[in-house]
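> Next one to model:
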Amino acid sequence: MVDVHIASNANIAKVTLHSVLDKPGIAAEIFGKLGAQGFNVELVVSGIPHKGRSDILFAVAENELDAINALLQKMKGEIGAEKVSHTSSVALVSIAGHQLAQTPGIAARMFNALSKAGINIETISTSMSSVSCMVAEDKAKEAVEALRKEFQG
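Okay, here's the model as predicted:
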């Protein structure tokens, strides 16, 4: 059995940069400026490029959303984004562990546990050691419970 750590954060907001130019350096510019202003990004998902453009979605602290939105509105033209949107009623739930990358079906187990609990996944991000899902904020506690039941018995 794989040792899985479960974490959640319900104090986040989802920001989407719509139809950003798909060219080298755009992500560095966006996240460099956010970092330079002291903003931490918890999750980044980039869409599949289509006709030279792609959506970039990321999670930030909910209490920083207004300031981040103001910065992105100023940057919109520089990065070629058609629109900036945001939602503040989301949460992240994650599983992490050293052996996740070598454990077949671990993400499916997570998704199944959330599905059985009636929780819709808005966004998924994976790495070698973690799987994170963005869910509705009012479902965060239920999501953690479902994951504990699945992975910790």
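> From now on I want contacts and neighbour counts done on CA atoms only, so please keep to that.
Will do.
> Tell me if I'm right that residue 137 and residue 89 touch.
Yes. Proximity of residue 137 to residue 89 meets the contact threshold set by C-alpha atoms under 8 Å, at 5.1 Å.
> The two: who's more crowded?
Set side by side, residue 137 and residue 89 show more neighbours around residue 137, with 19 against 15, by other C-alpha atoms under 10 Å.
> Which residue, neighbours along the chain excluded, lies closest to that one?
residue 90 (4.2 Å; C-alpha to C-alpha, 6 or more residues apart in numbering).
> ok, that neighbour to residue 120 distance?
In this view, residue 90 and residue 120 are 11 Å apart by C-alpha to C-alpha, to the nearest Å.
> Chain neighbours aside, what residue packs nearest to residue 84?
Per C-alpha to C-alpha, 6+ apart, closest to residue 84 is residue 17, 4.8 Å.
> Return the per-residue confidence for residue 1.
Note on residue 1: pLDDT of 58.
> Determine which residue lies closest to the centroid of the protein.
Centroid-nearest residue in the chain, with C-alpha atoms, centre = their mean: residue 43, separated by 3.8 Å.
> contacting residues for that residue?
58, 59, 60, 125 (C-alpha atoms under 8 Å, 6 or more residues apart in numbering).
> so the last one makes contact with residue 46?
No. Here residue 125 does not reach residue 46: they are 9.6 Å apart, not a contact under C-alpha under 8 Å.
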